[in-house]
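> curious how this folds, go ahead:
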Amino acid sequence: MRGFMSRLWLGNHFLSALLRFLLVAIPISGCVTIAEHAKPGSLPLFDAHTHLNHDMTAEMLIKWMDQAGVKRMALMPRYYGDDGKGTDEQAAGYVRRYPERFIAFIAGQRSGLWRPSAWTTEDAPDIRGEEGWLLISGHRFLTEAESKLRSGKYSGLGEFIIHHYGYNRLVPTTDQSVSGDLELPVDTPLMFKIVDLAARYDMPVVIHAEAEPQTREQMRRLLDRSPKTRIIWEHNCGRESAVQIADFLKTYPNLTCGLGQMAVPMINPYGYGTGWPAGRSKHITVVQYNDGRINRKMRALFEAFPDRFIIGTDIAHPFQYSRYGDMIDAFRRLLSQLKPETARKIGYENAERLFMRTQK
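Residues are numbered from 1 along each chain as shown. All right, here's what the predicted structure looks like:
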């Protein structure tokens with residue numbers, strides 16, 4: 001029996017390895033290939049949503065970009081004390097050294113901003129966390145952010161995590177003691193101050209907010225009161241339906257939909273674009289299927305509003321570092337199914353227009 005089981009295991013192991021090889025080496029029948037107008041030689045890309053951790057050197061990022069045909073990258077630091085520990089100064093330093101390759105954001109991902117009181121209570125104080133690090137208050141964040149905006153080194157604020165489905169227990173390098181779930185109101189005193197500050201300096205604000213019914217209406221109220229602020233609602237406007245997104249885009253000319261991680265790598269698919277977490281919400285609409293095909297309603301949406309979408313890989317954790325090229329290829333497959341002029345706008349030109357006018 002032991003010999004039989006051993007042979008069975010070896011056979012299954014061989015078949016599994018063979019299958020992985022075939023999936024990599026042979027195009028899957030019926031799957032989308034990259035069109036000429038979306039290949040690196042024809043379409044340089046602007047990765048408008050990538051996070052910055054302490055262990056991500058500028059040279060490592062440039063290597064990823066060069067291999068994938070990415071011309072420019074937006075850096076949104078993650079201050080979190082797990083696998084993050086990036087800083088605004090780190091991002092600005094990369095821009096200083098490589099101004100043609102990077103733009104820097106003032107980070108919204110800070111431990112103190114996970115506290116509901118930071119958003120809903122006027123002038124909530126700084127406090128110390130269990131590990132001794134400072135949980136920054138909204139007041140301190142605003143003071144520091146304005147000082148940094150005056151420096152001219154930054155091109156936006158965010159990403160601010162407002163309504164988020166946590167995945168910490170699936171990613172070993174994050175804080176395993178918490179789920180990572182977060183549901184804050186969008187239309188809060190602190191968010192109003194952030195978008196007003198951004199408007200004064202003509203900077204875009206990036207927001208992560210799943211478009212559940214209550215959150216969707218809060219986003220509407222934020223946009224109603226902030227017509228002068230350029231707001232980027234990430235993950236295809238909260239992974240909303242094409243009908244709802246079209247309504248928002250028609251109503252709010254200052255709104256852009258970020259497509260951060262909404263493309264789906266065909267080999268070992270992962271990310272927000274897959275519809276994760278399956279079964280948890282009814283609002284989630286995919287943009288691209290696992291075989292590379294674009295959702296036809298989303299394709300019609302992109303063609304109807306070609307100036308209102310930008311792409312981004314949303315690389316945030318060490319396990320994703322090796323998948324950078326896979327995510328870019330997935331975006332190239334998505335863009336392959338759009339008109340060349342639409343692909344050019346969404347892949348590069350829209351982000352260039354949004355961000356580069358702010359850089360000194």
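> number of residues surrounding Thr274?
Residues near Thr274, counting by other CB atoms under 10 Å, number 18. In short, each C-beta sits where N, CA and C put it, glycine included.
> which ones are touching the residue nearest to it when sequence neighbours are not counted?
Among residues not flanking Thr274 along the chain, Val264 sits closest, at 5.7 Å (CB to CB, 6 or more residues apart in numbering). Shown in contact with Val264 (CB atoms under 8 Å, 6 or more residues apart in numbering): 271, 273-274, 286, 288-290, 292, 330.
> 7 Å instead, please
Shown in contact with Val264 (CB atoms under 7 Å, 6 or more residues apart in numbering): 271, 273-274, 288-290, 330.
> cool, and Ala263?
Ala263 touches 273, 288, 327, 330-331, 334, counting by CB under 7 Å, 6+ apart.
> and it, how far is that from Thr87?
As judged by CB to CB, to the nearest Å, Ala263 and Thr87 stand 28 Å apart.
> from the contacts of Ala263, which ones fall inside helices?
327, 330-331, 334 (DSSP state H).
> for those residues, which one is nearest Met298?
Leu334 (8.9 Å; CB to CB).
> picking up where we left off before, can I get the contacts of Ala263 in JSON lines including distance to Trp119?
Formatted as JSON lines, the contacts of Ala263 follow (distance: CB to CB, whole Å):
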{"residue": "Gly273", "distance to Trp119": "28"}
{"residue": "Gln288", "distance to Trp119": "33"}
{"residue": "Met327", "distance to Trp119": "31"}
{"residue": "Ala330", "distance to Trp119": "33"}
{"residue": "Phe331", "distance to Trp119": "32"}
{"residue": "Leu334", "distance to Trp119": "34"}
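> can I get the residues you listed in TSV with neighbour count, pLDDT and distance to Val205?
Compiled in TSV, those are given as follows (neighbours: other CB atoms under 10 Å; pLDDT from 0 to 100; distance: CB to CB, whole Å):
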residue	neighbour count	pLDDT	distance to Val205
Gly273	27	96	23
Gln288	26	98	26
Met327	27	98	24
Ala330	28	98	26
Phe331	30	98	23
Leu334	30	98	25
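> out of those, flag the one nearest to Trp64.
Met327 (10.1 Å).
> following the lowest-mean-pLDDT helix or strand in the chain, which helix or strand comes up?
Using mean pLDDT, DSSP states H and E, the weakest-scoring helix or strand in the chain turns out to be helix 2-25, at a mean of 35. Sequence-wise, the next helix or strand downstream of helix 2-25 (DSSP states H and E) is strand 45-52.
> is Pro185 in a helix, a strand, or coil?
coil (DSSP: H, G, I helix; E, B strand; the rest coil).
> in strands only, show me the contacts of Val264.
The strands, defined by DSSP state E, take in nothing from the contacts of Val264.
> now those residues as TSV including distance to Leu222?
Converted to TSV, the contacts of Val264 look like this (distance: CB to CB, whole Å):
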residue	distance to Leu222
Gly271	26
Gly273	25
Thr274	28
Gln288	28
Tyr289	32
Asn290	33
Ala330	30
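> just checking, Val206 is part of a helix?
No: when three-state DSSP is applied, Val206 is found to be strand, with no helix at that position.
> hang on, the earlier thing: show me the two of the contacts of Val264 that sit farthest apart.
Farthest pair in those, by CB to CB: Gly271 and Tyr289, 13.3 Å.
> the more surrounded of these two?
Gly271 (22 against 17).
> can you tell me the closest non-neighbouring residue to that one?
Closest to Gly271 by CB to CB, 6+ apart is Gln261, at 4.3 Å.
> thinking the one you found is in contact with Trp276, fair?
No: between Gln261 and Trp276 there is no contact under CB atoms under 7 Å: 10.0 Å.
> more crowded one of the two?
More crowded of Gln261 and Trp276, by other CB under 10 Å: Gln261, with 26 against 17.
> mind checking pLDDT for the more buried one?
What the model reports as pLDDT for Gln261 is 98.
> now do the contacts for it.
235, 271-273, 313-314, 327.
> ok, now Glu146?
Leu197.
> measure it to Leu52 for me?
21 Å.
> what do you get for Pro172?
20 Å.
> if you count what's nearby, which of these two comes out ahead?
More crowded of Pro172 and Leu52, by other CB under 10 Å: Leu52, with 30 against 12.
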